[in-house]
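need a structure here:
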Amino acid sequence: MQKKHLARQLKVLLNYVLGPLLFIVLVYIIYKKVETQPDLPQKLEVLKSSFSSKNIWKIVSLFLLLCLNWSIEARKWQLLMRPVEKVNFITAIKAILSGLALSLFLPNGFGEYPARALYMKEGNRLRSVALNVAGSMAQLIVTLVVGTTSLIYLKTFAWPKFEPLEGLSVLWLNGIISMIILGTLILLITYFRLSWLTRLAEKIPFMLRYKYLIENVEAFHWKELTRILGLSFIRFIVFAVQYMVVLHLFEVKIDAVDAFCTTSVLFLFLAILPTIPFADVGIRGQAGTQLFGLITPDAFGVIATIAVIWFVNLIIPSAAGSLFLLGIKLFKRGDKQNNKKS
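Coordinates of the predicted model:
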């Protein structure tokens, strides 16, 4: 009886104390990120002037693309979780946005994994992590392939008089491209051989006790993996188009192909470089001004574009995700019974 009482108290603590505290902390982090933006008053003035009737279609399209972006990610997560548990689309959306909110705590988006797992049944939460990793691999592969192709294009055609980026010579750039291509090939082979690698890992004595965590990865056929890769590619295109829409909104004079390729290279660098949550927007701004500075002198328009994309794609969804986290029951009645039935 005493153990049951302690378990009940733990559930109350986690569900009704930790949840609200997490929400408060997340809101505070979001506020501090917005407050510490450089030249914030000027950005706000530019934003105000952009909200005119002639630009309404651009603003609407930006938010429609935002919805499409995270809807694609939610659908991808549904497919990834299918070997473990069937998840409806609304739950998938909540999981994706909650993961985005919690990723503000940890570098390189690692907060997504535990937050998304909270929307699975208790017995399936750890099992879902390996499947989430497969989804991240797919998105990274697309970023590497499109980003590297764009980098080669820009280096060959858009940067005929290439000037070093912070001491980065042409020789170093070629070396980086070669290393990225090699890494992409290794990652691509690994991705399509996940089931084989999983079976191989299960034969290792040390891994036997953790077999249940990775065995569901074996369920993925190359067709499902290709489908997930396709959704990742569509999401990448949507994200890049968002940048192009906002660049046009702030009247940054840049060719559409160059804009797409430079945005793709920006995604590539952000995917490769380790990021710190509190410095994320600063890193994006610095990398963006360096890259776009090779094809346009409008540094302010570029910075404003990156700030708006960051706010629309990260802050707004994170705020929604923090509300969803507030309503999560970390331990739910009936979960254990459902797991036994399944």
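
look up which helix or strand Pro297 falls in, please.
Per DSSP states H and E, Pro297 falls between elements, in no helix or strand.

numbering from 58 from now on, please.
With 58 as the first residue, the last one maps to Pro354.

distance of it relative to Val309?
Distance, Pro354 to Val309, by Cβ to Cβ, to the nearest Å: 10 Å. Placement of C-beta: from N, CA and C, glycine included.

also Ile209?
Taken as Cβ to Cβ, the span from Ile209 to Val309 is 23 Å.

looking at the two, which is more packed in?
Val309 (21 against 15; other Cβ atoms under 10 Å).

name the nearest residue to that one, sequence neighbours excluded.
For Val309, ignoring the flanking residues on the chain, the nearest one in space by Cβ to Cβ, 6 or more residues apart in numbering is Gly358 at 3.9 Å.

helix/strand/coil for that neighbour?
Three-state assignment for Gly358 (DSSP: H, G, I helix; E, B strand; the rest coil): helix.

strands of the stretch 58-207 of the chain, start to end?
Assigned by DSSP state E, counting those that start in this stretch, the stretch 58-207 of the chain shows no strands.

where does the chain have low pLDDT?
When residues are selected by pLDDT under 70, those of the chain lie in 58-104, 107-110, 162-166, 216-226, 256-272, 331-340, 384-399.

try it again at 50.
219, 221, 335, 389-399 (pLDDT under 50).

hang on, the earlier thing: wait, doesn't the residue nearest to Val309 sit right on His305?
No. The pair Gly358 / His305 is not scored as a contact, 10.1 Å apart, by Cβ atoms under 8 Å.

measure how buried Val303 is and give me the count.
22.

list the buried residues in the helix or strand where it lies.
If you go by DSSP H and E, Val303 is part of helix 279-306. By neighbour count on 16 or more other Cβ atoms under 10 Å, the buried set for helix 279-306 is 282, 284-286, 288-290, 292-306.

so which elements touch that helix?
helix 113-138, helix 182-210, helix 227-249, helix 313-329, helix 356-367 (3 or more Cβ pairs under 8 Å, 6 or more residues apart in numbering; DSSP states H and E).

mind putting the ones you listed in TSV, distance to Leu348 included?
Shown next, in TSV, are the helices and strands packed on helix 279-306 (distance: least, Cβ to Cβ, whole Å):
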stretch	distance to Leu348
helix 113-138	21
helix 182-210	10
helix 227-249	12
helix 313-329	5
helix 356-367	9
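
so for Arg341, which of these sits nearest?
For Arg341, the closest of the helices and strands packed on helix 279-306 is helix 356-367, at 5.3 Å, according to Cβ to Cβ.

relative orientation of that closest one and helix 313-329 in degrees?
60 degrees (axes from the mean of the first three to the mean of the last three Cα atoms, to 10 degrees).

ok, then the element right after helix 356-367?
helix 373-383.

name the helices or strands packed onto that following helix?
Looks like helix 373-383 contacts helix 76-92, helix 113-138, helix 146-159 (3+ Cβ pairs under 8 Å, 6+ apart).

most tightly surrounded among the ones you listed?
Highest mean neighbour count among the helices and strands packed on helix 373-383 (mean count of other Cβ atoms under 10 Å): helix 146-159, with a mean of 23.

quick check: Val144 touching Ala152?
Yes. If you go by Cβ under 8 Å, Val144 and Ala152 touch, sitting 7.5 Å apart.

next up, the contacts around the spatially closest residue to Met194 that is not a sequence neighbour.
Nearest non-adjacent residue to Met194, counting by Cβ to Cβ, 6+ apart: Tyr248, 5.2 Å away. Tyr248 is in contact with Ala191, Met194, Ala195, Ile198, Leu282, Leu286, counting by Cβ atoms under 8 Å, 6 or more residues apart in numbering.

mind putting those in JSON lines, distance to Thr362 included?
JSON lines is the format used below for the contacts of Tyr248 (distance: Cβ to Cβ, whole Å):
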{"residue": "Ala191", "distance to Thr362": "32"}
{"residue": "Met194", "distance to Thr362": "29"}
{"residue": "Ala195", "distance to Thr362": "27"}
{"residue": "Ile198", "distance to Thr362": "26"}
{"residue": "Leu282", "distance to Thr362": "34"}
{"residue": "Leu286", "distance to Thr362": "28"}
